[in-house]
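Provide a 3D model corresponding to the input given below.
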Amino acid sequence: MPQFEPSTFASQIFWLVVSFGLLYLLMSKIALPRIADILEVRQDRIAADLDRAEALKREAEEARAAYEAALANARAEAQKLLEQAGEQAQAEAQRQLDALDERLAAKVREAEAAVAAAKADAMADLASLATETAEAATAKLAGAPVDGAAVRSAVDAALAATSSRKE
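Sure thing, here's the model as predicted:
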């Protein structure tokens, strides 16, 4: 084998040093800086993506906190509106109940007035009927005509005494 021949070692070592020197220069000046730039760009992109992800995470947490605060405010507002609606309904029911009480009281007063008027009419009719009956009975019993004014005053006094005892 020719590569193991000792007479060609010097030229082989020369070309080995030249080849490795050129390879070292090519790698150190061209290939490795490009690879280093690519790795640096990749590292920068990863760092930027991590920073962006962290910022988005903070924004998401802030948005969630704002959402929860808005939801709590909405629930509080809904509760407040519900309470106001209940109070309004209760006030309306009370107002209608008061109006109904007022109408019923007016009807009771009207009925009492009608009863009082009917009682007064009945008493007036009773007074004239009692006067006529007393005159007729007295005239039959006494056998003589009776004074109508005296009978009327006696009947009125009797009815007044009866009315005052009932009240």
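
host element of Q96?
helix 32-142 (DSSP states H and E).

Sketch out the low-pLDDT regions of the chain for me.
With pLDDT under 70 as the threshold, the chain has low-confidence stretches at 1, 165-167.

centroid residue for it?
Taking CA atoms, centre = their mean, the centroid of the chain lies closest to L82, which sits 1.9 Å from it.

Contacts only, for that residue.
If you count contacts by CB atoms under 8 Å, 6 or more residues apart in numbering, L82 has none. Any C-beta I mention is one placed from the backbone N, CA and C, and that applies to glycine too.

Kindly provide the distance from it to E5.
In this structure, L82 and E5 are 105 Å apart, going by CB to CB, to the nearest Å.

again with R52
In this structure, R52 lies at 64 Å from E5, with CB to CB as the measure.

What of E68?
With the distance defined as CB to CB, E68 ends up 85 Å from E5.

same thing with Y24?
27 Å.

just checking, what packs against whichever strand or helix holds F20?
Following DSSP H and E, one finds F20 within helix 9-26. Counting contacts by 3 or more CB pairs under 8 Å, 6 or more residues apart in numbering; DSSP states H and E, there are no secondary-structure elements packed against helix 9-26.

Need the contact partners of it.
Outside helix 9-26, the residues that touch it by CB under 8 Å, 6+ apart are Q3.

Please compute how far that helix lies from its chain's middle.
In this view, helix 9-26 has its centroid 90 Å away from the chain centroid, taken as CA atoms, centre = their mean, to the nearest Å.

And stretch 25-36, by the same measure?
73 Å.

From A161, how far out is A65?
As defined by CB to CB, A65 lies at a distance of 90 Å from A161.

Likewise for E54?
E54 sits 107 Å away from A161 when distances are taken as CB to CB.

swap in T133?
Relative to A161, T133 is positioned 18 Å away (criterion: CB to CB).

repeat for L16
Counting by CB to CB, the gap from L16 to A161 is 158 Å.
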